[in-house]
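> requesting a structural model of the entry that follows:
(chains A, B, C and D)
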There are 2 protein chains.
Amino acid sequence: MNYMLPATMDQSHDPTHPGLSGVEVGVIDFFVSAVKVLGMAKSIGEIYGLLFVSPQPLPLDVLCQRLSMSKGSASQGLKLLRAFGAVKTVYQPGDRRDHFTAEIEIKRLAAGFMREELQPRLTQGEERLAQIAQLGHTLPANAEGDFQRGRLAKLERWSDRSREILPLLGSLLD
Amino acid sequence: MNYMLPATMDQSHDPTHPGLSGVEVGVIDFFVSAVKVLGMAKSIGEIYGLLFVSPQPLPLDVLCQRLSMSKGSASQGLKLLRAFGAVKTVYQPGDRRDHFTAEIEIKRLAAGFMREELQPRLTQGEERLAQIAQLGHTLPANAEGDFQRGRLAKLERWSDRSREILPLLGSLLD
DNA sequence: TCGTTTGTTCAAGAAAAAATGAATGATTTA
DNA sequence: TAAATCATTCATTTTTTCTTGAACAAACGA
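Below is the predicted model:
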């Protein structure tokens, strides 16, 4: 099976991205920035961006070629994107390679991000906080001790608050 | 004026942070992680964390000493935190140095973050998108062109959506 | 006015994060 | 079963980001 691009696609106007059309470069660029806001690596944005504009699902080696990216980066990037549910594996008859396609329902993308990134960190913060709360009891019974106990209590209120807000965030996206 | 800590504070249990009590180390640690989630440097979390547990406003040089941090980091960190409205400058009679205290209203912290970080990036994304939209008109009148035009339209809907959601986010925190 | 204190900036160094690519294992098919 | 294809892992290299500290500027006070 031939996975090379149609001739029209090779007429790139961006010398740094041979094989990518202007629109493709633009969309990839857009997702690279978007993904950085979320604290993820450039490669994640590149992969998702290319899949987002591609009518057909693409296999690993095509992603590597068109993005000039190593196999390792592409493999790890796809692994993460699948964990988020941002990329789905599609079976292509007559081809041994896995093909990947972009999930474009924003609700699901957000859900994946919350599940994989936000929730674990929130839990970790809660654990950390429980540790500190122990120390709070050892604080002296003076003005400073009182103040710091108050601050610890405030931290716990923030933490509880976050737990409540996270699900609401998802419902904003309906 | 003497800004050294009371003797009790020097009985630190953490050898890597002389001059910081257990509770202080814990709270700082908490904010260092929190701040990393938001994509900011460790030093930002350290400064905010120490101010958060400190009953008195602290000047630059005290922050440097207690956090074992360079003057440059502390200065830049405070600059950023002030821009966010996460730290306020407090005048201390009889002391030439600026003193800093932590803003602890979560609503204001969130507003600062949105204003300084989210809004500019959102605007930048919109500009980027306007650029790509131009290219959309040059796409061929075939299946692939139609598909990609559809994807560009979807991106614009996402962008508009984000604009609507950002203010709602703030109202969640009331 | 001149020396001192305080705070900022920025080039250079250090640390952290991401990308690479060779080695590995798994799966297919000849 | 052996060769070929495909994907993953991980030690190393590269890139990016953060921190440092010295130079500078500004504000004060003697």
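> which other helices and strands does the longest helix along chain A contact?
Longest among the helix segments of chain A by residue count, using DSSP state H, is helix A:143-172. The contact analysis (3 or more C-beta pairs under 8 Å, 6 or more residues apart in numbering or on different chains; DSSP states H and E) places helix A:143-172 against helix A:106-113, helix A:119-136, helix B:22-37, helix B:42-53, helix B:143-172. (Each C-beta comes from the backbone N, C-alpha and C, glycine too.)
> for it, buried residues please.
Judged by neighbour count using 16 or more other C-beta atoms under 10 Å in any protein chain shown, the buried positions of helix A:143-172 are A:144, A:145, A:148, A:149, A:151, A:152, A:155, A:156, A:158, A:159, A:162.
> what's the closest non-adjacent residue to the second one?
Going back to what we said before, that points to residue A:145. Spatial nearest neighbour of residue A:145, chain neighbours left out: residue A:139 (3.8 Å); criterion: C-beta to C-beta, 6 or more residues apart in numbering or on different chains.
> would you say the one you found is within a helix?
No. Per DSSP: H, G, I helix; E, B strand; the rest coil, residue A:139 lies outside any helix segment and is coil.
> what distance do you get for it to residue A:24?
59 Å (C-beta to C-beta, to the nearest Å).
> using the three-state scheme, assign residue A:174.
Residue A:174 ends up coil, using three-state DSSP.
> count of neighbours near the nearest residue to it once chain neighbours are set aside?
Setting aside the residues directly before and after it, residue A:174 is nearest to residue A:107 in space (C-beta to C-beta, 6+ apart), at 7.0 Å. Here the number of neighbours of residue A:107 (other C-beta atoms under 10 Å in any protein chain shown) works out to 13.
> what residues are up against residue A:107?
With contacts defined as C-beta atoms under 8 Å, 6 or more residues apart in numbering or on different chains, residue A:107 is in contact with A:170, A:173, A:174.
> how about residue A:99, nearest residue that isn't a chain neighbour?
Distances taken as C-beta to C-beta, 6+ apart put residue A:57 closest to residue A:99, at 3.6 Å, once the chain neighbours are dropped.
> measure the one you found to residue A:46 for me?
Residue A:57 is 17 Å from residue A:46, by C-beta to C-beta.
> ok, those two, which is more surrounded?
Comparing residue A:57 with residue A:46 by other C-beta under 10 Å, the one with more neighbours is residue A:46, at 24 against 20.
> need the pLDDT of the closest residue to DNA strand C within chain A.
Residue of chain A nearest DNA strand C, by C-beta to the nearest atom of the strand: residue A:72 (2.0 Å). pLDDT recorded at residue A:72 is 98.
> now what about stretch A:30-39, what contacts it?
By C-beta under 8 Å, 6+ apart, the residues outside stretch A:30-39 that reach it are A:41-42, A:44-46, A:48-49, A:52, A:113, A:117, B:37, B:39, B:118, B:121, B:124-125, B:128-129, B:132, B:155.
> again, 7 Å this time
With C-beta atoms under 7 Å, 6 or more residues apart in numbering or on different chains as the test, stretch A:30-39 has contacts from A:42, A:44-46, A:48-49, A:52, A:113, B:39, B:121, B:124-125, B:128-129, B:132, B:155.
> related to what we said a few turns ago, can you lay out the buried residues of helix A:143-172 as a markdown table showing pLDDT and distance to residue B:63?
Converted to a markdown table, the buried residues of helix A:143-172 look like this (pLDDT from 0 to 100; distance: C-beta to C-beta, whole Å):
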| residue | pLDDT | distance to residue B:63 |
| --- | --- | --- |
| A:144 | 96 | 18 |
| A:145 | 97 | 22 |
| A:148 | 98 | 17 |
| A:149 | 97 | 23 |
| A:151 | 98 | 17 |
| A:152 | 98 | 21 |
| A:155 | 98 | 20 |
| A:156 | 97 | 25 |
| A:158 | 96 | 23 |
| A:159 | 96 | 25 |
| A:162 | 95 | 27 |
